[in-house]
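**Student:** any chance you can model this:
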Amino acid sequence: MTGSPYITQPRRETPRVMQLVLLALLPGITAHWWLFGPGILVSLLLCSLFAIGFESLALLMRNRPIGFYLRDNTALVTAWLLALSMPTLAPWWLYLVGIFFAIIVAKHFYGGMGQNLFNPAMVGFAVLILSFPVQMTQWPAPAALAAHVPSLVEAFDLVFAGQGALSVDAYTSATPLDSLKTQLRAGTAFDDIAGQAIFGHIGGTGGEIVALMFLAGGLLLLALRLITWHIPLAFLAAIALTAGVIQLIEPGEQAGILFHLATGGAMLGAFFIATDPITAASTPRGKLLYAAGAGFLTVIIRVYGNFPDGVAFAVLLMNIAAPLIDLYTQPRVFGQTGRKDKQP
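**Tutor:** Take a look at the predicted model:
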């Protein structure tokens, strides 16, 4: 028998891995297009172009080979994740600012791919939600409930020229999470809120199907062994446990487990954002702790914080803790007992 390491699966290069991640996002993107209109295509296009532009500029300034690093597709993955986290039909400059902070500040200021401490897409989102809260709350209404669903041409007009004669209320609405928080603070009973059309069957009209498609894409990543089960399972389990406990403490006043799992960025976060191999914990036990903390914080921010969804801030906070978690969760070295060997 030859010596270790024993490789049990073919090596995958970064460009191929990133291509498969983009492929796994397609079911969710398609569902979003179908249920909320074609605005998501404009968001993806703009974020992709801005990401390639900023990536090229940063590589040029750092005297790195542009073509080599662009082909790894990491900038495109960041762009797509940010686009899927933002409201579609937002002004074009909002995408520009978000991508700037994601690619230039969060990625290249720290040394480029593999050196960043924080998830770039979530840094971009956090900057936008803190700096431009009004624009970041104008989400497209579900096609089934909207007074008007902009066509692809109208979507380009809205992004580059503004709403014009078209009222913003005709094609936007509050998200289920935002609507829930606002009405609960106004004293409306949860049962009365949950019966409204925007909440759909479980997690919001249209949004619950999109979440299901991101779950399907995430299962594809698991089947291809691009991610392990630790982070998605711990993240979703922590969301379910935290939401369940809060509902027990405040019966009739808080949303249940299924709502928190099927709404907002829960599924996207579980399989595509929290699993970022650069900024997440890397040891098996560390992944469980890291993801459990992110899931717990997601629900706490949703219920008690000022922002409707908490996935971005929860992931960024756990990014801070990831190095320490890895330090204290190192697996036992093969051949040792796990305790420091006594010196003879």
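**Student:** please make it C-alpha for all contacts and neighbour counts, starting now.
**Tutor:** Will do.
**Student:** pLDDT below threshold where in the protein?
**Tutor:** 1-12, 163-165, 337-344 (pLDDT under 70).
**Student:** ok, now which ones touch the residue positioned nearest the centre of it?
**Tutor:** With distances taken as CA atoms, centre = their mean, G269 lies nearest the centre of the chain, 4.0 Å away. Contacts for G269 (CA atoms under 8 Å, 6 or more residues apart in numbering) come out as V311.
**Student:** leaving out the residues flanking it, which one is nearest to A146?
**Tutor:** Y171 (5.6 Å; CA to CA, 6 or more residues apart in numbering).
**Student:** contacting residues around the one you found?
**Tutor:** P140, A141, A146, A147, H148, V149, P150.
**Student:** narrow these to those that are buried.
**Tutor:** P140, A141, A146, H148, V149, P150 (16 or more other CA atoms under 10 Å).
**Student:** and P38, how many neighbours does it have?
**Tutor:** Residue neighbour count, defined by other CA atoms under 10 Å, stands at 23 for P38.
**Student:** L25 reaches F214, doesn't it?
**Tutor:** Yes. Counting by CA atoms under 8 Å, L25 does reach F214; the two are 6.6 Å apart.
**Student:** measure the nearest residue to Q247 once chain neighbours are set aside to L177 for me?
**Tutor:** The shortest distance from Q247 to any non-neighbouring residue, by CA to CA, 6+ apart, is to Q254 (5.4 Å). From Q254 across to L177, the span is 11 Å (CA to CA, to the nearest Å).
**Student:** next step: the contacts of Y171 restricted to strands.
**Tutor:** Counting by DSSP state E, these place P140 in strands.
**Student:** export the contacts of Y171 to CSV and tack on distance to T188?
**Tutor:** Converted to CSV, the contacts of Y171 look like this (distance: CA to CA, whole Å):
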residue, distance to T188
P140, 24
A141, 22
A146, 24
A147, 25
H148, 28
V149, 29
P150, 32
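**Student:** which among the contacts of Y171 gets closest to F118?
**Tutor:** Checking the contacts of Y171 against F118 by CA to CA gives P140 as the nearest, at 28.2 Å.
**Student:** list the contacts for the closest one?
**Tutor:** F36, P87, T88, L89, Y171, T172, S173.
**Student:** what does G265 give?
**Tutor:** S85, A211, D309, V311.
**Student:** out of these, which is most surrounded?
**Tutor:** Most surrounded of the contacts of G265: other CA under 10 Å gives V311, at 28 neighbours.
**Student:** and A281, which helix or strand is it part of?
**Tutor:** Per DSSP states H and E: A281 is located in neither a helix nor a strand.
**Student:** tell me the spacing between it and D309.
**Tutor:** In terms of CA to CA, A281 sits 22 Å off from D309.
**Student:** show me what counts as buried in stretch 155-165.
**Tutor:** Residues of stretch 155-165 classed as buried: A155, F156, D157, L158, V159, G162 (neighbour count, 16+ other CA under 10 Å).
**Student:** these in helices, which ones?
**Tutor:** Under the assignment DSSP state H, those contribute A155, F156, D157, L158, V159 to helices.
**Student:** wait, the first one sits on P38?
**Tutor:** Yes. With contact defined as CA under 8 Å, A155 counts as touching P38 (7.3 Å).
**Student:** neighbours of V153, how many?
**Tutor:** Neighbour tally, V153, other CA under 10 Å: 11.
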